[in-house]
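Provided below are the primary sequence and the corresponding predicted coordinates.
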Number of protein chains: 2
Amino acid sequence: MDEFDLIHRITPKETHQRSLVMGIGDDASVYQPHSHCEEVVCVDTMVEHVHFRFDFSTPFEVGFKALAVNISDIAAMGGTPKYYLVSIAIPPHGDETIVTALYEGMKALADTYHMDLIGGDTVAIRSDFVITVTVIGEVPKGKACYRHSAQAGDIVFVTGELGSSAAGLSLLMNEVESAKAVDSDFFLERHKMPQPHIAAGYICSSFPRVTLNDVSDGLASELNEIAEASRVTIEIEADKLPKHPDLPMLRKDWLEWVLFGGEDFVLTGTIPEADWESFEIQCKKEDIQITRIGQVKGDQAASVILKDNDQQTVLMKKGYNHFKK
Amino acid sequence: MDEFDLIHRITPKETHQRSLVMGIGDDASVYQPHSHCEEVVCVDTMVEHVHFRFDFSTPFEVGFKALAVNISDIAAMGGTPKYYLVSIAIPPHGDETIVTALYEGMKALADTYHMDLIGGDTVAIRSDFVITVTVIGEVPKGKACYRHSAQAGDIVFVTGELGSSAAGLSLLMNEVESAKAVDSDFFLERHKMPQPHIAAGYICSSFPRVTLNDVSDGLASELNEIAEASRVTIEIEADKLPKHPDLPMLRKDWLEWVLFGGEDFVLTGTIPEADWESFEIQCKKEDIQITRIGQVKGDQAASVILKDNDQQTVLMKKGYNHFKK
């Protein structure tokens, strides 16, 4: 495999963003930001045998997900993705077919959002694939959705369903209790090719005070981050948490997946009660599922409480923490 | 090592860029671009045992270089660096001391340019460290220095000296012919902690038609890129190429290093003859060494010619090409 040939092959033949001045092909890319917008930037890395395995996912699916997790971070700010850069470390077992498919998986998702690939690096590595994606998006000035503005009385919501990605991973690992009569493909796809909730995030950014996180590390972890940043207590109700109806068939203790599974890449956050109805209407118009799962309480305990029948449990982060030994 | 603790420790305690709206601590960072500027973005990855070895460089030096190579790409566009994001894959042998020193090395260089660390990811990997740095800079609207505008008659120049980094690497590998009476530390530092030529790039951007590349893959490779993009022939003269006076003591065939060594991270490019004198004066004011090394010729052969006494040689790219097998 030749580096220059590879770069030539993955260089986009056309671009979408009119603000792009110079794409791939010079030392760096150049674009003209929109004057009424702020720039939103994030980066995420996926490592072979840590975040993905080629016996579970195709290279196309891995590429798709590597970009999706980043777009999801832009969604969690209420932003719109515009550009992405891809750095890839390729081990000896990584042939041209794999690498090309990785880029095709990214491109398939990028095209949905008219995003342009504007840079990257291709390097060699001794053992495992490492894919690092940087995404640049924009949000109208002053409209980004942070974590720190939740107030007592706000409604806690989630877009889409929870626990499906964790169920998909368990199916791949043969760890489910029973997969009979279950739409396995649904859960597998949720795990392998998660869809970022850009449209929902965009609606959130039109309201004056929404907190927002994407569910990458699990609902409990995300809500704890909002509770900490806003210095509030968040109460959620177990029987309100949205899940696929088949989920309980896969695991008796399905609530674990819903609360701590992560990688659903739906959005969770808070919105003032006065805005709830309008928020619901706008989401319905766009065919976006939102669910009211709880409420923000006034004390400054910065904690998350799960109400399950008569029981109240303090939910700790318990998200996936890569280096915990 | 705990991921959340680590993130807490490497999160900057203060920021420099006033345009930064939200730094590390949410799903993505947010900043307000300057309205009279274009954004300049690049990403580069360094892999342990491919691009660096901890028996050759300290973690501090590795961090410094990982950022330097990216800042150098911004310099090669005539831009000013503002922000950086760091994604790091940490193998089992990577303890807290190493990781912290990597970030300190980056911070040392970043502080020189008042750059802010605004994002990143820390993940686990089975074998080798992988460090991916994204840098975002800016350039006044329409002032970026591309590769495609060289014209017949333009002067070919280089900032700083060539071949020093390759000499430093050879010293580390014990491959030099003789290191006696040579300032080894000079060459080692050029290899381990290269200084990006931001000030020189900035001056270039003030002229209407400058082509510019940073010398990462070797002078021959960079000039070929300019020749190809501009469809011109570039002629350079061997006896004009700037080098450290000790270089020939390290290797009889030192011209190899000067032409193909790479990683010098100086700038090379072309400028109209009419602007040369003013360019020289401005560089002198800033104590920047520039050397006139050749001239652009009119035919569209898109090649690079080396004139050495009576001989003329066509210089191929021959840059370091990671996957060539």
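Received the coordinates, thanks.

A:Val47: what secondary structure?
Three-state assignment for A:Val47 (DSSP: H, G, I helix; E, B strand; the rest coil): strand.

can you count the residues close to it?
A:Val47 is flanked by 22 other residues according to other C-beta atoms under 10 Å in any protein chain shown. Placement of C-beta: from N, CA and C, glycine included.

Backbone torsions only: list them for A:Asp253.
The phi and psi torsions at A:Asp253 (degrees, to the nearest 10) take the values phi -90, psi 50.

What about A:Ala227, how many residues nearby?
A:Ala227 - counted by other C-beta under 10 Å - has 26 other residues nearby.

For it, pull up the helix or strand it's in.
helix A:219-230 (DSSP states H and E).

Repeat that for A:Ile203.
Per DSSP H and E: helix A:198-204 holds A:Ile203.

can you list contacts of that helix?
A:71, A:74-81, A:113, A:145, A:159, A:210, A:212, A:267, A:269, A:271, A:279, A:282-283, A:286, A:288, A:290 (C-beta atoms under 8 Å, 6 or more residues apart in numbering or on different chains).

Tell me how many other residues crowd the nearest residue to A:Met193 once chain neighbours are set aside.
Nearest non-adjacent residue to A:Met193, counting by C-beta to C-beta, 6 or more residues apart in numbering or on different chains: A:Phe64, 5.0 Å away. A count of neighbours around A:Phe64, defined by other C-beta under 10 Å, yields 24.

Helices along chain A, start to end?
Under the criterion DSSP state H, chain A contains helices at A:3-10, A:59-75, A:96-112, A:164-172, A:184-192, A:198-204, A:219-230, A:247-250, A:254-256, A:273-285.

circling back to that earlier point, among the contacts of helix A:198-204, which are within reach of chain B?
Filtering the contacts of helix A:198-204 for proximity to chain B by C-beta under 8 Å from any C-beta of the partner chain leaves A:Ile74, A:Ala76, A:Met77, A:Gly79, A:Leu212.

Out of those, list just those in strands.
A:Leu212 (DSSP state E).

CSV please, covering the ones next to chain B among the contacts of helix A:198-204 and showing pLDDT and neighbour count.
Listed next are those as CSV, based on pLDDT from 0 to 100; neighbours: other C-beta atoms under 10 Å in any protein chain shown:
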residue, pLDDT, neighbour count
A:Ile74, 98, 29
A:Ala76, 98, 34
A:Met77, 98, 30
A:Gly79, 98, 32
A:Leu212, 98, 29
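
With respect to A:Ser164, which of the ones next to chain B among the contacts of helix A:198-204 is nearest?
A:Ala76 (18.1 Å; C-beta to C-beta).

So A:Tyr83 sits against A:His114, correct?
No: between A:Tyr83 and A:His114 there is no contact under C-beta atoms under 8 Å: 10.4 Å.

So between the two, which is more surrounded?
When neighbours are counted by other C-beta under 10 Å, A:Tyr83 and A:His114 differ, and A:Tyr83 comes out ahead with 27 against 13.

anything in contact with each of A:Tyr83 and A:His114?
A:Gln17.

Which residues of the stretch 101-250 of chain A lie near chain B?
By the rule C-beta under 8 Å from any C-beta, the part of the stretch 101-250 of chain A lying against chain B is A:118-128, A:130, A:132, A:134-137, A:139, A:141, A:144, A:146-147, A:212-214, A:229.

which residues touch A:Gly294?
A:Gly294 neighbours (C-beta under 8 Å, 6+ apart): A:Ile155, A:Val156, A:Ile234, A:Glu235, A:Ile236, A:Glu237, A:Lys240, A:Lys307.

what is it paired to in the beta sheet?
Beta-bridge pairing of A:Gly294 under DSSP bridges involves A:Val156, A:Ile236.

Would you check how far apart it and A:Leu223 are?
Taking C-beta to C-beta, to the nearest Å as the criterion, A:Gly294 is separated from A:Leu223 by 9 Å.

picking that back up, turn the helices of chain A into TSV, including distance to B:His191.
Listed next are those as TSV, based on distance: least, C-beta to C-beta, whole Å:
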stretch	distance to B:His191
helix A:3-10	21
helix A:59-75	32
helix A:96-112	29
helix A:164-172	44
helix A:184-192	43
helix A:198-204	44
helix A:219-230	42
helix A:247-250	55
helix A:254-256	51
helix A:273-285	56
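
Double-check the residue nearest to A:Met193 against A:Gly105; I have them as touching.
Yes: if you go by C-beta under 8 Å, A:Phe64 and A:Gly105 touch, sitting 3.9 Å apart.

State the pLDDT value of the nearest residue to A:Ala150 once chain neighbours are set aside.
Once flanking residues are discounted, A:Ala150 sits nearest to A:Ser230: 3.7 Å by C-beta to C-beta, 6+ apart. With respect to pLDDT, A:Ser230 scores 96.

One more: A:Gln300?
Confidence score, pLDDT, at A:Gln300: 74.

ok, it touching A:Val232?
Yes: A:Gln300 is within contact range of A:Val232, at 7.0 Å (criterion: C-beta under 8 Å).

Show me the contact partners of stretch A:16-25.
Stretch A:16-25 is contacted by residues A:7, A:11-12, A:15, A:29-34, A:82-83, A:114-120, B:38, B:144, B:146, B:229 when judged by C-beta under 8 Å, 6+ apart.

got the buried residues for that stretch?
Across stretch A:16-25, burial judged by 16 or more other C-beta atoms under 10 Å in any protein chain shown covers A:Gln17, A:Ser19, A:Leu20, A:Val21, A:Met22, A:Gly23, A:Ile24, A:Gly25.

so how far is B:Glu277 from the third one?
To tie it back to what came earlier, the one meant is A:Leu20. 35 Å.

My guess is A:Cys145 contacts A:Asp214. True?
No: taking contacts as C-beta under 8 Å, A:Cys145 lies outside contact range of A:Asp214: 10.7 Å.

which residues do the two both contact?
Counting by C-beta under 8 Å, 6+ apart, the residues touching both A:Cys145 and A:Asp214 are A:Ala76.

Mind checking which of the two has more residues around it?
More crowded of A:Cys145 and A:Asp214, by other C-beta under 10 Å: A:Asp214, with 29 against 26.

and the more buried one, what does it touch?
A:Asp214 neighbours (C-beta under 8 Å, 6+ apart): A:Ser72, A:Asp73, A:Ala75, A:Ala76, A:Pro196, A:His197, A:Glu222, A:Phe265, A:Val266, A:Leu267, A:Thr268, B:Asp27.

Domains in chain A, by residue range?
What automatic domain parsing lists as the domains of chain A is A:3-140, A:155-315.

coming back round to it: what's the overlap in contacts for A:Gly294 and A:Leu223?
A:Val156, A:Ile234, A:Ile236.

Endpoint to endpoint, stretch A:243-255 covers what distance?
Start-to-end span of stretch A:243-255 (C-alpha to C-alpha, to the nearest Å) is 9 Å.

Quick one: mean pLDDT for it?
The average pLDDT within stretch A:243-255 is 94.

Show me what it is in contact with.
A:161-164, A:167, A:170-171, A:176-183, A:186-187, A:238, A:241, A:257-258.

in the stretch 1-150 of chain A, what spans have low per-residue confidence?
A:1 (pLDDT under 70).

same thing but 90
Along the stretch 1-150 of chain A, the model assigns pLDDT under 90 to residues A:1-11, A:13.

close enough to count as contact, A:Gln195 and A:Phe265?
Yes: assessed by C-beta under 8 Å, A:Gln195 is found in contact with A:Phe265 at 7.2 Å.

Now A:Glu263. Nearest residue, chain neighbours left out?
A:Ser165 (4.0 Å).

And that neighbour, how far from chain B?
According to C-beta to the nearest C-beta, to the nearest Å, A:Ser165 and chain B sit 17 Å apart.
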